[in-house]
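Asks: The following block contains a protein sequence and its predicted model.
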Amino acid sequence: MGENNSRESKFSRRSFLKISGAASATLGMTGLGFFGLQAGKSASSYTGRESFQGAAQSFNRKKFIIDKSPHVKVGQTSRIDARTEMIFARIPRLMRQWKKGIEIDDLDPLLKSFYKSHPDQFELDSDLINRVFPEFRKANKEYGEKYLLAQAWSNAMSAVWPEGINQPPEISDFPRGERYGEPSKPYKLKSPGKTSKLIKQMAYQFGSILVGITELNPDWVYEHPLKRRGFDSDKPFKVPDHWKYAIVVGTPMSWDPFYANPTYGTSEDAYSRSRIIAYRMAAFIKQLGYAARPHTPGTDYDLMVVPIAIDAGLGEQGRHSVLITPELGSNFRPAVITTNIPMKPDKPIKFGVEEFCKTCKICAENCPSGAITHGDKQVVRGYKRYQVNISKCHNFWYSNLGNIGCRLCVASCPYSRKSNWLHRTALKVTSNDPTGVSHKVLTAMQKSFYPSPDAGDYYIPSMGGKNASYREPPWWLKTEDFIDMQGG
């Protein structure tokens, strides 16, 4: 009897320990499974696609939200006339009428009226045609081979480019019906808040790094849009009722070439991606039965993008007139989708950019053409803002080599830095500093520790420059390290 009790006792203890161990292991595995499941929901676990979960839009905007419009209205407002105020439309129009010795009075009524009001622009635009273009062509023959890889990369990035819209909104914007795989009437959505959340996640899935939503301010729409977008550009454009909301999406330019502007960088990589994202978003919205129209880089817009992006809470406008975001600084190429899908708009933010730009002026100091003012804001079409001399800016695009353009102002901007611990700390300090002391200290640090070439060095040699870059190009864009140009 005693032996049986002893065996039973040993068996019971042994069994208990085995069962307890198995149970502990099971619970442990269950715990690991739970935490593994939770970890799998983290954006950082989506290897290679972290930004597709919205991880890159990391700045906490809630603290910096403002309820009133950041745009300071001064008197009567007016809308932009893209035929003359958009330089990519004005210069071709001028060139079609160009002849040696042409004067303002010789031009068509539209250009004549514009240049009579802006004689300095006629002087600069004429200089572009008379002097800058010929000098550029000559310099490109002499030095252009050095930038062969940079140009090949840029051209490759723009090889995928959705075809532009050439129909007016009443035709192009709406779903075409079931015959074309699109619904004939809109689906009923549960709430604007849920729809906004859905739209933002779709934007990330389509490749957007940042996304914001706003109600569209008609003041930002062109009064005379571009003819190739399906408009009678000679007639004032009435903003369609279905352009109620604007979704702003976009991506950055590749960082290392970005710092090697104006010669090695390009806008085409970000332009192409942002364009694709916008067209995907428009297609998605139409699949739900709502109207949508993409407004995309390079120049396929019916509206001004920067003020819309500000209204959508993505950032503030800098001295260089470009949008500055907390995450990407000035390195952001946006696109806009106008739509009538009901959404909950975001609110604008102020995180210290306006105060920083008052004293910084690094973009103005690095601007070779002097297009960026060192002075105060001006009143432009009824709003107080910094104004860039677009003709001066555009003329420099053809006064340097490599990929067409400049981008020095956005590359030199102190906000345009990779997201390392130093930049994140600086952003936190400046966005929470009402005194402005940190702004001056950080600006002085950039000038001291990260000096840049003299602004004149960026020009081609025949214009007194050295074909300089803001920073050294990445190794993979140095043509001389890969191609024997002497060998033919």
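Replies: Ah, there it is. Numbers count the residues shown, from 1 in each chain.

Asks: quick one, helices of the stretch 351-488 of the chain?
Replies: For the stretch 351-488 of the chain, the helices defined by DSSP state H, counting those that start in this stretch cover 353-359, 362-366, 390-397, 408-412, 421-431, 437-449.

Asks: So which residue is smack in the middle of this protein?
Replies: The C-alpha lying nearest the average C-alpha coordinate of the chain belongs to R333 (C-alpha atoms, centre = their mean; 2.0 Å).

Asks: and that residue, how far is that from R275?
Replies: Using C-beta to C-beta, to the nearest Å, we find R333 at a distance of 9 Å from R275. For the C-beta atoms, the positions are set from N, CA and C on the backbone; glycine is no exception.

Asks: in the stretch 51-200 of the chain, which spans are helices?
Replies: 82-85, 87-96, 109-117, 119-127, 133-143, 148-157, 169-172, 192-205.

Asks: quick one: contacts of the second one?
Replies: The list of residues contacting helix 87-96 from outside it, by C-beta atoms under 8 Å, 6 or more residues apart in numbering, reads 82-84, 107-108, 110-111, 114, 125, 128-129, 226, 298-299, 390-391, 394.

Asks: can you give me the angle it makes with helix 390-397?
Replies: If you take axes from the mean of the first three to the mean of the last three C-alpha atoms, to 10 degrees, helix 87-96 sits at 80 degrees to helix 390-397.

Asks: buried stuff in helix 87-96?
Replies: Going by neighbour count (16 or more other C-beta atoms under 10 Å), the buried part of helix 87-96 is I87, A89, R90, I91, R93, L94.

Asks: average pLDDT across stretch 74-81?
Replies: Regarding stretch 74-81, the rounded mean pLDDT is 96.

Asks: Only alpha carbons, please: show that stretch as CSV.
Replies: Provided in CSV are the C-alpha atoms of stretch 74-81 (Å, rounded to 0.1, in the frame of the first residue of the first chain):
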residue,chain,number,x,y,z
VAL,A,74,-5.0,91.7,-48.8
GLY,A,75,-7.8,93.4,-50.8
GLN,A,76,-9.2,92.0,-54.0
THR,A,77,-8.0,88.6,-55.1
SER,A,78,-7.6,87.4,-58.7
ARG,A,79,-6.9,84.0,-60.3
ILE,A,80,-3.9,83.1,-62.4
ASP,A,81,-3.8,83.5,-66.2
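
Asks: Could you shift the numbering so residue one becomes 702, and keep it that way?
Replies: Let's use 702 as the start, then, which means that last one is stretch 775-782.

Asks: That stretch: which residues count as buried?
Replies: By 16+ other C-beta under 10 Å, the buried positions in stretch 775-782 come out as R780, I781, D782.

Asks: What of stretch 912-927?
Replies: By neighbour count with 16+ other C-beta under 10 Å, stretch 912-927 contains the buried residues 912-915, 917-918, 920-927.

Asks: Please measure how far the first residue of that stretch sits from its last one.
Replies: Criterion C-alpha to C-alpha, to the nearest Å; first-to-last residue distance in stretch 912-927 is 26 Å.

Asks: Just the mean pLDDT for that stretch, thanks.
Replies: Rounded mean pLDDT across stretch 912-927 is 98.

Asks: what does stretch 977-990 give?
Replies: The predicted confidence, averaged over stretch 977-990, sits at 98.

Asks: can you list contacts of it?
Replies: Residues outside stretch 977-990 that contact it (C-beta under 8 Å, 6+ apart): 861, 863, 875-877, 883-888, 890, 900, 903-904, 907-909, 948, 950-952, 992-997, 1036-1038, 1040, 1042.

Asks: Check stretch 869-881 too.
Replies: Taking C-beta under 8 Å, 6+ apart as the rule, stretch 869-881 contacts 866, 883-885, 930-932, 941, 943-944, 987-988, 990-994, 1039.

Asks: cutoff 10 Å now
Replies: Residues from elsewhere that reach stretch 869-881 (C-beta atoms under 10 Å, 6 or more residues apart in numbering): 866-868, 882-887, 926, 930-933, 938-944, 983-984, 986-995, 1003, 1039-1041.

Asks: so of those, which ones are in helices?
Replies: In helices, defined here by DSSP state H, the members of these are A983, A984, I986, K987, Q988.

Asks: Around the nearest residue to the fourth one once chain neighbours are set aside, how many other residues sit close by?
Replies: Distances taken as C-beta to C-beta, 6 or more residues apart in numbering place P876 nearest to K987, at 4.5 Å, with adjacent residues excluded. Number of residues near P876 (other C-beta atoms under 10 Å) recorded here: 21.

Asks: Poorly predicted segments of this structure, please.
Replies: 702-742, 1188-1189 (pLDDT under 70).

Asks: can you map out the strands along it?
Replies: Secondary structure of the chain (DSSP state E): strands at 773-774, 911-916, 946-952, 993-996, 1017-1018, 1024-1025, 1034-1040, 1079-1081, 1084-1086.

Asks: For I788, give its distance to H1095.
Replies: With C-beta to C-beta as the criterion, I788 and H1095 are 5 Å apart.
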